[in-house]
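**Student:** Okay, predicted coordinates and the sequence, questions at the end:
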Amino acid sequence: MSFFSGSIGRMYFFFGYCIVSVVSLILAFLIRAYTNLIILTFILTLVMVFFALSLIIRRLHDINISSWFALLMLIPGVNFIFVLVLLVWPGN
């Protein structure tokens, strides 16, 4: 099963991105509280980045935009606007 194929609707993207955001916040608190767990939290952070990227690419497939637009997430400030656009843009 490929995590980057197919498409997802706005609601699935919203709830998936909320879950990724909450888990990322928990990981941030773990990093701050327990510095000896840095390797574990680094690995879990990479997993969360993978799932967030998977959600974004599948949402881009739903609105018929190239997956390369996921690179907009690397630009500070633009990434927030980009996620909002993905949340409100109607899919196919």
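**Tutor:** Received, thanks. Given the structure is predicted, the values throughout are model-derived calculations rather than measurements.
**Student:** could you pull out the helices for the chain?
**Tutor:** Across the chain, reading from the start of the chain, the helices by DSSP state H fall at 10-33, 38-62, 78-88.
**Student:** Output those helices as a markdown table; include the columns mean neighbour count.
**Tutor:** From N, CA and C alone the C-beta is placed, and that goes for glycine too. As requested, those are arranged in a markdown table below (neighbours: other C-beta atoms under 10 Å):
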| stretch | mean neighbour count |
| --- | --- |
| helix 10-33 | 14 |
| helix 38-62 | 17 |
| helix 78-88 | 14 |
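**Student:** To residue 72, which of the ones you listed lies closest?
**Tutor:** Using C-beta to C-beta as the measure, helix 78-88 is the one of these that comes nearest residue 72, at 4.8 Å.
**Student:** distance between the closest one and the chain's centre?
**Tutor:** Between the mean C-alpha location of helix 78-88 and the chain-wide mean there is a distance of 11 Å, by C-alpha atoms, centre = their mean, to the nearest Å.
**Student:** For the protein, identify the residue most remote from the centre.
**Tutor:** Outermost residue of the chain with respect to the C-alpha centroid, by C-alpha atoms, centre = their mean, is residue 36; its distance is 26.2 Å.
**Student:** Show the model's pLDDT score for that residue.
**Tutor:** For residue 36, the model assigns a pLDDT of 76.
**Student:** And it, how far from residue 30?
**Tutor:** Between residue 36 and residue 30 the computed distance is 11 Å (C-beta to C-beta, to the nearest Å).
**Student:** Report the residue spans of this structure with pLDDT below the cut-off.
**Tutor:** 1-3 (pLDDT under 70).
**Student:** Identify the residue nearest the geometric centre of it.
**Tutor:** Mean-position check on the chain, C-alpha atoms, centre = their mean. Result residue 52 at 2.1 Å.
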